[in-house]
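> Structure for this input, please:
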Amino acid sequence: MSKRNRIIYWIATLWLSLGMVSTGLVQLLHVEDEVVNITRLGYPAYILTILGIWKLLGVVAVLVPRYPIVKEWAYAGFFFAMSGALFSRVVVGDGMGEVFPPILLLVLTVLSWYFRPEGRRVRG
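Numbers count the residues shown, from 1 in each chain. A predicted model of the protein is given here:
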């Protein structure tokens, strides 16, 4: 793996992790604004607990060495959560201020997954 690819991987992965931890904690703690947001999108408030736990566990899976199959599941979960958030925001007619965060986390998920080192990939 080239130095450039390693740098891209770590920058994308650290920013992705920061985004997932911060949003996961907000969701897990049921911050009032987040409860208002999620119910406005049509989801029950209890989904915040599920999303928060999954995001935090996903960050651990992505950052810890080894366990490439668990990493694949974590990346898939991040992709599904962020594409679902993006779709939900678009459907209810939210502006770019609300649509941009899931787009950013979706892009960081793809970049981190694509540039992950060989030791963090599932061997075929």
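
> quick one, phi/psi of R66?
Backbone torsions for R66, taken as degrees, to the nearest 10, come to phi 70, psi -170.

> Tell me the spacing between K55 and G93.
Distance of K55 to G93, computed by C-beta to C-beta, to the nearest Å: 25 Å. For glycine as for every other residue, the C-beta is placed from the backbone atoms N, C-alpha and C.

> go on, N5?
Going from N5 to G93 by C-beta to C-beta gives 39 Å.

> so where do the helices sit in the protein?
With DSSP state H as the criterion, the chain has helices at 3-28, 32-40, 47-63, 68-91, 96-114.

> which helices and strands sit right next to the third one?
Helices and strands touching helix 47-63, as assessed by 3 or more C-beta pairs under 8 Å, 6 or more residues apart in numbering; DSSP states H and E, comprise helix 3-28, helix 32-40, helix 68-91.

> Can you add mean neighbour count and give the ones you listed back as a markdown table?
Conversion of those to a markdown table gives the following (neighbours: other C-beta atoms under 10 Å):
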| stretch | mean neighbour count |
| --- | --- |
| helix 3-28 | 17 |
| helix 32-40 | 14 |
| helix 68-91 | 17 |
